[in-house]
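[1] Structure for the following, please:
(one chain, ligands or ions: 2)
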Amino acid sequence: MRYAIEAHGLVKRYGKTTALDGVDLTVPEGRLLGVLGPNGAGKTTAVRILATLLRPDGGTATVGGYDVVRQAHRARHMIGLTGQYAGVDESLTGTENIILIARLLGMSRADSRARAKELLERFALTDAGGRAARTYSGGMRRRLDLATSLVGRPRVLFLDEPTTGLDPRSRTDLWDVVRALVADGVTVLLTTQYLEEADQLADDIVVFDHGRVIASGTSDELKARTGNLVLEVRPQREEHLDLVIQVVGDIAGVTPVLEGGQVVTGVTDPAVAPAVVRRLDDLGVVAAEMSLRKSTLDEVFLSLTGHRTEENPTAKEGALV
Ligand SMILES: Nc1ncnc2c1ncn2[C@@H]1O[C@H](COP(=O)(O)OP(=O)(O)OP(=O)(O)O)[C@@H](O)[C@H]1O
Ligand SMILES: [Mg+2]
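    Numbers count the residues shown, from 1 in each chain. Ligands and ions are numbered 1, 2, ... in the order given. Below you'll find the model as predicted:
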C-alpha cells in the first residue's frame, strides 16, 4: 500500500515541554485519518511538522514520498493546510483572498479569477465573494479558509480542527465538502476534538495524549478495545447506589463509575445485563432505569485518556508538567 503521509518517531520539544514524544502514523493514499486528542496533546504540532512549517527535533516524515525537512519545497506542492485558527485576510474580500493565494502559487490573473469563482461557488460563498472577510460569520470564514487551501489542488490536505466553533448545520455542510474531497482521491489528515466528527469521516483514527499515540484503529476497533457495550443502571432509591456499584462491579469484573446518579460501566459480554438484574432482584433492589447500549467514541476516548474532550480547560498547563 502507498502512503501519502508517513511519520516515524517524530519528536518536538519546546524548552521543557515535549510536545511530540515519538509519534508514528501513516495515511494511505485517498484515505482520511482522524487525529483525536485533548488540548495540548500535540495535534497542531504534528500537523505543522507534516505541513513543512516546523522542523522536528527527531524522527522523519514524508508527504507524497517527499521528506518534509530535506525536500520541504517539493512536499509543499502536494499540501493544502487549513489551520486551527482561520488564516484568511480579514480586510480582503473572499474573491481577493483566493486570488491572492492563486497568484502566489504562480497562476495567471485570468486563471486565478476563474479558480476563485469556482471555489466560491463550491463553498456557497458566491454572494459573499465581493464582501470583506471581516463581515463573514465563523462558518463562512472557515469555508473561505478551506477554499483557499484548495486553490493549488492539493493531493494531501491537513485540516486542523476545521469545524471548531461551527454550529451543527455548518459542521455537517463542511463534512460533506470533506467527504467529496476524499471521494476525489485527496488524502486528508484531520484533527478534531469532536468524536462524532472522527466517527463520521475517518477511515482510521489515532488518539494522541501527551505527545504520544496511545491508540489507533478504525472507530469500531477502538470501541471494541475498550468494551463494546455500556451498561447503565439507575436504582430507584439513591441509598442503593453503593450496592448497585458493588453488584455491577462484581459481575462485570470492572469498577463502574457513578455518573449523574447512574452506575455506568463498559462491558464486553451482553449476558452481564440479565445477571445484574437477577442479582439486584435477589437483593430487593429496584432499577428505575437500566440500559445496555453500544459505547460511543466519547466513552472510548474517556477510557483511553481519563478525560472527556473539551472538558478540561487547564489540560494545556497540565501537559506542561
Ligand atoms: N510555540 C510553542 N512554544 C512552547 N510550547 C508550545 C508551542 N506550541 C505548542 N506548545 C506546547 O506543546 C504542547 C502541544 O501543543 P499543540 O498545540 O500541538 O497541542 P494540540 O493537541 O494542538 O492542542 P489543542 O487541542 O489545544 O489545539 C502543549 O503543551 C503546548 O503548550
Ligand atoms: Mg491544536
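[2] I'd like to know which residues of this structure are adjacent to ligand 2.
    Near ligand 2, the residues belonging to the chain are 43, 44, 84 when assessed by Cβ under 5 Å from the ion. (C-beta placed from N, C-alpha, C; glycine too.)
[3] The last one against residue 163, yeah?
    No - no contact is recorded between residue 84 and residue 163 when judged using Cβ atoms under 8 Å, the distance being 11.1 Å.
[4] Residue of the stretch 51-200 of the chain nearest ligand 1, please.
    When Cβ to the nearest ligand atom is the measure, the stretch 51-200 of the chain has its nearest residue to ligand 1 at residue 84, with 5.6 Å between them.
[5] so what's that residue up against?
    Under the criterion of Cβ atoms under 8 Å, 6 or more residues apart in numbering, the contact list for residue 84 reads 44, 160, 161, 164, 191.
[6] and the closest residue to residue 69 other than its chain neighbours, how many residues sit next to it?
    In space, residue 69 comes closest to residue 55 once its chain neighbours are excluded; the distance is 5.9 Å by Cβ to Cβ, 6 or more residues apart in numbering. Residue 55 is surrounded by 11 other residues when neighbours are defined as other Cβ atoms under 10 Å.
[7] Need the three-state assignment for residue 55.
    At residue 55, secondary structure determined by DSSP: H, G, I helix; E, B strand; the rest coil is coil.
[8] Return the distance of it relative to residue 208.
    If you measure residue 55 against residue 208 using Cβ to Cβ, to the nearest Å, the figure is 19 Å.
[9] And for residue 128?
    Counting by Cβ to Cβ, the gap between residue 128 and residue 208 amounts to 35 Å.
[10] Settle it for me: which of these two has more neighbours?
    Neighbours were counted for residue 128 and for residue 208 using other Cβ under 10 Å; residue 208 has more, 26 against 20.
[11] Give me the three-state assignment for that one.
    Using three-state DSSP, the structure places residue 208 in strand.
[12] Tell me what it is bridged to.
    When assigned by DSSP bridges, residue 208 has beta-bridge partners residue 213.
[13] which residues does it contact?
    Residues in contact with residue 208, defined by Cβ under 8 Å, 6+ apart, are 23, 35, 36, 37, 41, 42, 43, 46, 214.
[14] are any of these buried, and which?
    Burial by neighbour count, judged by 16 or more other Cβ atoms under 10 Å, picks out 23, 35, 36, 37, 41, 42, 43, 46 from the contacts of residue 208.
[15] Ligand 2: which of those is nearest?
    The shortest gap between ligand 2 and any of the buried ones among the contacts of residue 208 belongs to residue 43, at 4.8 Å (Cβ to the ion).
[16] Hmm, residue 160 and the closest one touching each other?
    Yes - under the criterion of Cβ under 8 Å, residue 43 makes contact with residue 160 at 7.0 Å.
[17] Find the residues that touch each one of these two.
    residue 191.
[18] okay, the residue nearest to residue 49 when sequence neighbours are not counted: pLDDT?
    Once its chain neighbours are removed from consideration, residue 49 has its nearest residue in residue 56; the separation is 5.0 Å (Cβ to Cβ, 6+ apart). Per-residue pLDDT puts residue 56 at 98.
[19] the helices in the stretch 151-300 of the chain, which residues?
    For the stretch 151-300 of the chain, the helices defined by DSSP state H, counting those that start in this stretch cover 168-183, 195-201, 219-225, 241-252, 272-282, 297-305.
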